[in-house]
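*Asks:* Below is the sequence, then the predicted model.
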Amino acid sequence: MKHVDEYRDGVLTRALLSEIAATITQPWRIMEVCGGQTHAILKSGLDQLLPPQIELIHGPGCPVCVTPLELIDKAIALASRPDVIFVSYGDMLRVPGSERDLFSVRGAGGDVRIVYSPLDALRIARENPSKTVVFFAIGFETTAPANAMSVVQAKAQGIRNYAMLVSHVTVPPAICGIMESPDARVDGFLAAGHVCTVMGYWEYGPLAEKYRVPIVVTGFEPVDMVRGILRCVKQLEAGRAEVENAYERSVSYAGNRPAQAIISRVFEPTDRAWRGIGIIPLSGYRLRDEFAEYDAEQRFPEVQAIDTRESGLCISGQVLQGIKKPFQCPAFGGQCTPQSPLGATMVSSEGACAAYYRYGRYSASLTHPEITS
Amino acid sequence: MSNQTWPNFSGWTCPLPLRTYPTIVMGHGSGGKMMADLIQHLFAPLFANALLEQMGDSTVLEIATNGESPIRLAFTTDSFVVSPLIFPGGDIGELAVNGTVNDLAMRGARPLFLSAGFILEEGLSMDTLGQLAASAARACEVAGVQLVAGDTKVVNKGHGDGLYINTSGIGLVPPGVDIGPAHIRPGDSVIVSGTLGDHGMAIMSVREGLAFETQIKSDTAPLNGLVEAMLSASPGVHCLRDATRGGLAAVLNELAVASKLGIEFDERKVPVNPAVQSACEMLGLDPLYVANEGKLVAIASEAESDALLAAMRAHPNGTFAERIGQVVTDHPGLVVARTGIGGSRVVDLPAGELLPRIC
């Protein structure tokens, strides 16, 4: 397939891998921020082909994984209402709340629908004037512009029966959070190419400088990933800590200005809780007061009382932070599987544990035979 | 940002478990692990018997005869609940016939007789019903089977999706033909009969209103002709499965578990129609997990695989047949794919419903 095959080319990938091997002289820990990158690494088996000095740490960049329990419970409460049509991106349906997930709500008669775009949610609102359509607005800076657009359009078209349950998160504060942690052990970051397509990479300069850490904007195909890793390793070996763009075909320094404009028109920064992590200051978006009437939590104030907290034994927090690998969890693959996830990182197909479970069991079994037994 | 307070990262906590569902959810019908669990834990223990344990696409029944070798009949049933009723490349009528014909053919049986139950929803257009019934009749003719028993029920508006069809079928297993997972051997070749994921993506593109340069068409087709051609070309066919719900991944996993052997395949050799590949990329799906309605997976002796491939490619339903991998003694019960860049990964049984990834 054009525009994809050339970035999955085995010969080019292996050439770049050899260059990494020739460059590297010592161990480095590199975090890929985005869940999509974790998925790509394990799907292509790239992790097995890198020099052993490179330890990839899977970051907290999976929006499905980091959506806090409290918001899932709010979503479930809203979706259970007979006067609501609850609309969501696909993977969110499987994320467990305190007691059940959105699939169960649908099984019990709730009207829960999957869409690919919030504009489809708006169409559903137009077609169902007697119901309130609540869209679950999750994701990083990538999904924020389209979600913001749906609210702007709802307002412009006078659609009153539309509201969003907002759980947006942003990447730069998460990088700060990881680097501020006393356990911080990340030497370099691969920044998420899709997020930077929207936001550019001007935000990352101060972070690279403050934390003395290279940040390389990286794409999602094997060749893109290896290029990003190579440029990160080159910086680390040279003692540099700069922001670099290794995803030039999609990302510019300034990013997509109209998309940024619509984000700031509709949303403002707010503290956000991350599932398995806790509250990270100013790490998300909420609707501005001007659009408060489209805030599902305002529209249905009773859900504001929902304040569930996570508890349990799994180590997803440490996995998201890069302190532990999924297979170091005693529950991994046994008590905790994609069918019965114990933790956020096993829930989404982009979660580090799910990705390991699906794609990594074979390689893990070579060094950790207990996993597949 | 230096004046902000940061959360205590060393004390991160985890969400609560969700273990089982107290009600049926869509994932229970997906052809993945949830469905396997439902069958294994709820249904199988209640009806346990030696024949049910065959757990193949159809069950082979032996009927004793006076002194001669027993007659072997293959028997199966399948229900069809597809929406929309008419989709690019086919419709529910044709699908209902082909699905059962294929389940019989996968045991090497020659499909002979079908029954059909039509569950009609109040309000279904008579024209549509007529069209779908005619399509089923044509499919019977193409597959060379006769519909010999039927049933019709009507349910209230809102209690069905226009039309559901159940078909059951009986076929005759020719003397000397004996194929199933028990015959899988290390070193055997893994062959697919053509491009994968066409049916699932045809349905999804209609449901999601996606338009591609080339329209994706369902691959619904009867496979009994292809199977006959394969069996007469070579004695080396050890096992056959049609890769319906759950796609190639589900079938290979079932065979790896049933044979207690490993399966290894080269991702680059798996034939996928470019339009299907594009649609999957766009929706964040993996074609290995997407449903087919006219494709089979054959496990065959390595020595015979060239002859078998030639016979398959000479048949209209096997033009794009490919040898994609082999059966191995390593990693029993696991399916491993060799990736395009030379890595490897486990291809697991799908969990529940196929869900598009968010980014």
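*Replies:* Received, thanks.

*Asks:* in the lengthiest helix in chain B, what counts as buried?
*Replies:* Longest helix in chain B, counting residues (DSSP state H): helix B:126-143. By 16 or more other Cβ atoms under 10 Å in any protein chain shown, the buried positions in helix B:126-143 come out as B:129, B:132-133, B:135-136, B:139-140, B:142-143. Bear in mind the C-beta positions are built from the backbone N, C-alpha and C, glycine included.

*Asks:* got it, and stretch A:271-290?
*Replies:* A:272-278, A:280-287.

*Asks:* How much space separates the residue in the stretch 201-350 of chain B that chain A sits nearest to from B:Asp266?
*Replies:* Using Cβ to the nearest Cβ, the closest approach of the stretch 201-350 of chain B to chain A is made by B:Gly343 at 1.8 Å. Distance, B:Gly343 to B:Asp266, by Cβ to Cβ, to the nearest Å: 12 Å.

*Asks:* What is the neighbour count of the residue lying closest to B:Gly342 once chain neighbours are set aside?
*Replies:* Using Cβ to Cβ, 6 or more residues apart in numbering or on different chains and skipping the chain neighbours, the partner closest in space to B:Gly342 is A:Gly10 (5.7 Å). Here the number of neighbours of A:Gly10 (other Cβ atoms under 10 Å in any protein chain shown) works out to 16.

*Asks:* would you put the C-alpha positions of stretch B:258-267 in PDB?
*Replies:* C-alpha atoms of stretch B:258-267 as PDB (Å, rounded to 0.1, in the frame of the first residue of the first chain):
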ATOM      1  CA  ALA B 258      -6.400 -28.600  19.200                       C
ATOM      2  CA  SER B 259      -3.200 -30.100  17.700                       C
ATOM      3  CA  LYS B 260      -1.000 -29.100  20.700                       C
ATOM      4  CA  LEU B 261       1.500 -27.800  18.200                       C
ATOM      5  CA  GLY B 262       2.700 -24.300  17.200                       C
ATOM      6  CA  ILE B 263       1.900 -22.500  14.000                       C
ATOM      7  CA  GLU B 264       4.300 -20.000  12.400                       C
ATOM      8  CA  PHE B 265       3.500 -17.800   9.400                       C
ATOM      9  CA  ASP B 266       5.000 -15.000   7.400                       C
ATOM     10  CA  GLU B 267       2.900 -11.900   7.700                       C
END
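
*Asks:* Quick one: mean pLDDT over it.
*Replies:* On average, the pLDDT along stretch B:258-267 is 96.

*Asks:* buried residues in it?
*Replies:* For stretch B:258-267, the buried set under the neighbour-count rule, 16+ other Cβ under 10 Å, comprises B:258-259, B:261-267.

*Asks:* Could you do stretch B:272-289 as well?
*Replies:* Those would be B:272-273, B:275-280, B:283-289, for stretch B:272-289 by 16+ other Cβ under 10 Å.

*Asks:* which of those come close to chain A?
*Replies:* Residues of the buried residues of stretch B:272-289 in contact with chain A (Cβ under 8 Å from any Cβ of the partner chain): B:277-278, B:283.

*Asks:* and of the buried residues of helix B:126-143, the nearest to A:Val266?
*Replies:* B:Leu132 (46.8 Å; Cβ to Cβ).

*Asks:* gap between the residue nearest to the closest one when sequence neighbours are not counted and A:Met31?
*Replies:* Nearest residue to B:Leu132 in three dimensions, chain neighbours excluded: B:Gly93, at 3.9 Å (Cβ to Cβ, 6+ apart). Using Cβ to Cβ, we find B:Gly93 at a distance of 54 Å from A:Met31.

*Asks:* same thing with B:Ala109?
*Replies:* To A:Met31, B:Ala109 is 55 Å away according to Cβ to Cβ.

*Asks:* try B:Asp78
*Replies:* B:Asp78 is 48 Å from A:Met31, by Cβ to Cβ.

*Asks:* For these two, indicate the residue with more neighbours.
*Replies:* Set B:Asp78 next to A:Met31 and count neighbours by other Cβ under 10 Å: A:Met31 wins out with 26 against 20.

*Asks:* continuing past whatever helix or strand the more buried one lives in, what's the next helix or strand?
*Replies:* Assigned by DSSP states H and E, A:Met31 falls within strand A:28-34. Sequence-wise, the next helix or strand downstream of strand A:28-34 (DSSP H and E) is helix A:35-44.

*Asks:* what angle separates that next one from strand A:28-34?
*Replies:* Using axes from the mean of the first three to the mean of the last three Cα atoms, to 10 degrees, the inter-axis angle of helix A:35-44 relative to strand A:28-34 is 110 degrees.

*Asks:* just checking, A:Trp71 touches A:Ser167?
*Replies:* Small correction: residue A:71 is Leu, not Trp. Yes: contact criterion Cβ atoms under 8 Å: A:Leu71 and A:Ser167 qualify, at 4.7 Å.

*Asks:* Where do the strands of chain B begin and end?
*Replies:* B:59-63, B:71-80, B:86-87, B:90-91, B:110-121, B:146-155, B:163-172, B:189-192, B:237-242, B:262-266, B:296-300, B:322-328, B:335-338, B:344-346 (DSSP state E).

*Asks:* Of those strands, which is nearest B:Gly225?
*Replies:* Nearest of the strands of chain B (Cβ to Cβ): strand B:110-121, 10.4 Å.
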